[in-house]
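Colleague: No letters, just coordinates:
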């Protein structure tokens, strides 16, 4: 059995992947999650955690939010850490700007998750055509769901995410990488 190990900066990313991946991974691929306490902790402990991983037939994916940083600089720094850990083939993916861009990229999923059918119509608004360019997608979610909470939202929305309709390019690139690692042709 192949294992894909996801190195994640925050609990909401794990919540999202635990809801999303069962629907898209083949049964012979097992996801594992290594959770860190923020970006700095991820960067500080990534090398040691990868080097210490003992499960055979494992591949690694690092997922981190871009926030206000430079995507290329962040990715290069994480890639260098993976090389230092002896796993240069590790896939590094950056959620542009934040994980919530993936949710705003699929308003149908938000609509289903919160049982608010009218939210699906937001997909037609120009501002949401390229969700990776939004400054703060959490604010966009809170405009329509005032009590939106990151972890609850991640669990609820991710189980409905559809890669075929999601407008977030960073989500598409992440899914393509995971499918490639799991041996699924797209």
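Modeller: Received it, and whenever you're ready, just let me know what you need. For clarity, every value in this text was computed on a predicted model and none was experimentally measured. Numbering: from 1, shown residues only.
Colleague: Name all residues that make contact with the closest residue to residue 79 other than its chain neighbours.
Modeller: Distance criterion C-beta to C-beta, 6 or more residues apart in numbering; nearest residue to residue 79, sequence neighbours excluded, is residue 92 at 5.2 Å. All C-beta spots, glycine's among them, are computed from the backbone N, C-alpha and C. Neighbour list for residue 92: 61, 62, 64, 75, 78, 79, 82 [criterion: C-beta atoms under 8 Å, 6 or more residues apart in numbering].
Colleague: switch the cut-off to 6 Å
Modeller: Residue 92 makes contact with 62, 75, 78, 79 under the criterion C-beta atoms under 6 Å, 6 or more residues apart in numbering.
Colleague: what about it, which helix or strand?
Modeller: Using DSSP states H and E, residue 92 sits in strand 91-95.
Colleague: list the buried ones in that strand?
Modeller: Applying a neighbour-count criterion of 16 or more other C-beta atoms under 10 Å, the buried positions in strand 91-95 are 91, 92, 93, 94, 95.
Colleague: And for stretch 73-80?
Modeller: Under the neighbour-count criterion of 16+ other C-beta under 10 Å, stretch 73-80 has 74, 75, 78 buried.
Colleague: got it, and stretch 79-91?
Modeller: By neighbour count, with 16+ other C-beta under 10 Å as the criterion, the buried positions of stretch 79-91 are 81, 82, 85, 87, 90, 91.
Colleague: Name the nearest residue to the residue of the chain positioned farthest from its centre, ignoring sequence neighbours.
Modeller: No residue in the chain sits farther from the centre than residue 118, which is 25.5 Å out by C-alpha atoms, centre = their mean. Nearest residue to residue 118, sequence neighbours excluded (C-beta to C-beta, 6+ apart): residue 111, at 7.4 Å.
Colleague: Residue 101 versus the one you found, what's the distance?
Modeller: 17 Å (C-beta to C-beta, to the nearest Å).
Colleague: Of these two, give the one with the bigger neighbour count.
Modeller: With neighbours defined as other C-beta atoms under 10 Å, residue 111 and residue 101 compare such that residue 101 has more, 28 against 20.
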